[in-house]
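Visitor: sharing a model prediction with you, sequence too.
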Amino acid sequence: MAIDESQLLACHARLEKPLHNVLYRWLWDAHECQDVIQETFLALWDRRARIVAATLDAFAWTTALNLAKNRLRWRTLRRYVALEDAHDAPDPSLTPEQLASQSRVRVALEALDARLRDVLLLAEIAGLATNEIAAVLAIAPGTVGSRKHEATRRLRALLGEADE
Amino acid sequence: MSDARRWFPPLDPPPGGRARLVAAIADTRAGDRDLTPRQAAFACIVLALTGSVPAVARAVLRPDPIVTAIATAAPLPGRDGSLAMPSAEPGVQVYLVVATDPTR
């Protein structure tokens, strides 16, 4: 048991981009995504003695998703009591067309149940296999399949696209 | 183009993430890592609780008024064979009675 610094940095190199892409579809703020990724890997580093290398990636995904959702809850609270302007920092790499399309996708994603959204993002953006998603979300592989199917169907409907 | 590609165009994370992580790990090794907001909030609660310890201790460990009265009494000459001992404890008066009969 226990991971070392080189294993953690290798995991960071492997997961930074997929984590950024998934977290961005939760937080819609590129800077906050980077903060969450940093916080995730520092949390892993703090618990390195109790982490097995084989489950490092799943642990990273679970930690990052939990941290992102905690931030969303705090953000909602801060905005409710007007401590913060409702302003997100869009990803600077997006083109104007992509930004326009993204705002439609954002509205649709935010209308999705969080459990469906988790599965959809992990499958479609991170490219995780069914058993990997099951490990990250601590659910049965069969549940992953049904949630993914349901999430895709609902997202298509919300975006006004024809169902297959 | 697949649905996922259309809905979620791939984004590149800003550069410097790895360097920040390496620096943060070095900080933790040096023992001077900044507190996370959660840790800072916890530290504030602990400090507030620590600050209230003297008040709580005073309330809990308040000595018995009779003991305090005796401890702070100053004997004054009495008129009837006793010594009046006015004390600092309000509402408590201590008398020292000198018995002449050793059997009492």
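Guide: Perfect, thanks for sending it.
Visitor: ok, residue B:19 to chain A distance?
Guide: 11 Å (Cβ to the nearest Cβ, to the nearest Å). Just so you know, the C-beta spots here come from the backbone N, C-alpha and C atoms, and that holds for glycine as well.
Visitor: check what pLDDT that residue gets.
Guide: The per-residue pLDDT reported for residue B:19 equals 93.
Visitor: since we're on it, how many residues are nearby?
Guide: Counted with other Cβ atoms under 10 Å in any protein chain shown, the neighbours of residue B:19 add up to 9.
Visitor: for it, which three-state class applies?
Guide: Going by DSSP: H, G, I helix; E, B strand; the rest coil, the secondary structure assigned to residue B:19 is helix.
Visitor: any idea how far it is from residue B:25?
Guide: Counting by Cβ to Cβ, to the nearest Å, the separation of residue B:19 from residue B:25 is 11 Å.
Visitor: go on, residue A:112?
Guide: Using Cβ to Cβ, we find residue A:112 at a distance of 36 Å from residue B:25.
Visitor: what do you get for residue A:155?
Guide: Taking Cβ to Cβ, one finds residue A:155 at 38 Å from residue B:25.
Visitor: these two: which is more packed in?
Guide: The residue with more neighbours, out of residue A:155 and residue B:25, is residue A:155; 21 against 18, by other Cβ under 10 Å.
Visitor: sticking with the residue lying closest to the more buried one once chain neighbours are set aside, tell me its helix or strand.
Guide: Leaving aside its sequence neighbours, residue A:155 sits nearest to residue A:108 (Cβ to Cβ, 6 or more residues apart in numbering or on different chains; 5.6 Å). Assigned by DSSP states H and E, residue A:108 belongs to helix A:96-111.
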